[in-house]
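J.: Let me see the structure of the following:
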Amino acid sequence: MNARTLATLLTLALSLLAGCTSRSREVVVYTSVDQVVSEPILRDFEKQSGLTVRAVFDTEETKSTGVLNRLVAEAAHPQADVFWSGDPVRPFVLIKRGLVAPYESPNASGIPSSFRASDGSWTGFAARVRVLLVNKNRVPASELPYSIRDLADPRWKGATAIANPLFGTTTMHVAALFATWGDEQGRAFLKSLKDNQARIASSNGEVKRLVASGEVAFGVADTDDAQEALSEHAPIEVVFPDQDGIGTLVMPTTVSLMRGSPHPEGGKKLIDFLLRPEVERRLAGTAAHVPLRSDVQTPPGVKRAGDFKAMQVDYSRVADEMERMQPWLKGWVGL
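T.: This is a model prediction of the structure:
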């Protein structure tokens, strides 16, 4: 072998080694958490860990299903290390397909057991909560609604709103109600909403707009929508419903490690980073997410999970209910 050939082979070997080293210094995360919220946190992880993060974000149009469908499609050749979900239900689609590798992060110890899997297949943190947004100009303080059932109260006929239950967190909320009440009460409730001429809005953001403008008296949306309305100085009162009954639905964001991922150790480091109390505190400040830990400081107007009564739900069962109910809900909506 002459010197030129040897030099060429050596250069090629060094290039391949550099490429492998570079790829080993990265972590791939697929996330349905809004990019404006998640990306700055991922950039901070890069700075602290020295790892490069390749992030695939969902879009508003795909409504949390785009990255989920991609993870399912890539099952034979996993590309992602971590799934950071905007809700606690989507991970069960992956878990049931055997696509998740259990990982119990040491930073999960302060999170209540009701918000994490016992086998480490998913861990929840920083949650959104379903609340009532009430227009104070239309509803006197003495007549504030205090239950989800008040959406169907004849006093408010034609003056309440929910987002389309075929999409987003409203689907999960309806499924949780069905899981708690049973089919008979659940269907009766939705029928009463229709009889009461509740507005079916295109999104939670549209519910917020309808309430803020006074087009409806009150509606149901998420805590981040509520905080946005308050920051805009809308005449809105925020009510955590059913505190003397079933409680209100808590929807933590979750993280899961993907089975057969290309960078499992990097994935574990990212999960450890996301599950720090500091990240919950940060999400409380930037996105009005409710911390699940009781000792995390929050800005004014943002509660912690221990500050109110949460609905007791099995998120796996809610995932099953969401799938089972879709045909019936389409009929209810009129599709």
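J.: Now do the helices in the protein.
T.: According to DSSP state H, the chain carries its helices in the segments 3-24, 35-49, 66-73, 91-96, 168-181, 183-195, 204-213, 223-231, 264-274, 277-287, 315-333.
J.: These: which one's closest to residue 111?
T.: The closest of those to residue 111 is helix 277-287. By C-beta to C-beta, the value is 9.0 Å. All C-beta atoms are positioned from the backbone trio N, CA, C, and that covers glycine.
J.: Where do the strands of the stretch 51-200 of the chain begin and end?
T.: In the stretch 51-200 of the chain, the strands defined using DSSP state E, counting those that start in this stretch lie at 52-57, 82-85, 100-101, 123-135, 160-163, 199-201.
J.: Same list, these, but as a markdown table with mean neighbour count please.
T.: Formatted as a markdown table, the strands of the stretch 51-200 of the chain follow (neighbours: other C-beta atoms under 10 Å):
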| stretch | mean neighbour count |
| --- | --- |
| strand 52-57 | 17 |
| strand 82-85 | 26 |
| strand 100-101 | 20 |
| strand 123-135 | 25 |
| strand 160-163 | 24 |
| strand 199-201 | 19 |
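J.: Check the spacing between residue 136 and residue 273 real quick.
T.: 40 Å (C-beta to C-beta, to the nearest Å).
J.: Who has more neighbours out of these two?
T.: Taking other C-beta atoms under 10 Å, residue 136 and residue 273 do not tie; residue 273 has more neighbours (21 against 15).
J.: May I have stretch 318-334 as PDB, with CA atoms only?
T.: Extracted C-alpha coordinates of stretch 318-334, given in PDB (Å, rounded to 0.1, in the frame of the first residue of the first chain):
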ATOM      1  CA  VAL A 318     -59.300   8.000  29.100                       C
ATOM      2  CA  ALA A 319     -57.200   7.200  26.000                       C
ATOM      3  CA  ASP A 320     -59.400   4.100  25.400                       C
ATOM      4  CA  GLU A 321     -62.500   6.200  25.800                       C
ATOM      5  CA  MET A 322     -61.300   8.800  23.300                       C
ATOM      6  CA  GLU A 323     -60.900   6.100  20.700                       C
ATOM      7  CA  ARG A 324     -64.200   4.400  21.500                       C
ATOM      8  CA  MET A 325     -66.200   7.600  21.500                       C
ATOM      9  CA  GLN A 326     -65.000   9.100  18.200                       C
ATOM     10  CA  PRO A 327     -67.900   7.600  16.000                       C
ATOM     11  CA  TRP A 328     -70.500   8.700  18.500                       C
ATOM     12  CA  LEU A 329     -69.000  12.200  18.900                       C
ATOM     13  CA  LYS A 330     -68.900  12.700  15.100                       C
ATOM     14  CA  GLY A 331     -72.600  12.000  15.100                       C
ATOM     15  CA  TRP A 332     -73.200  14.400  17.900                       C
ATOM     16  CA  VAL A 333     -71.200  17.200  16.200                       C
ATOM     17  CA  GLY A 334     -73.200  16.400  13.000                       C
END
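J.: contacts for it?
T.: 89-90, 92-93, 164-166, 171-172, 174-176, 178-179, 187, 190, 194, 200 (C-beta atoms under 8 Å, 6 or more residues apart in numbering).
J.: Equivalent analysis for stretch 274-293, please.
T.: Taking C-beta under 8 Å, 6+ apart as the rule, stretch 274-293 contacts 34, 37, 40-41, 45, 84, 105, 107-108, 110-112, 115, 123-129, 223-224, 226-228, 250, 252-253, 255, 273, 295-299, 301-305.
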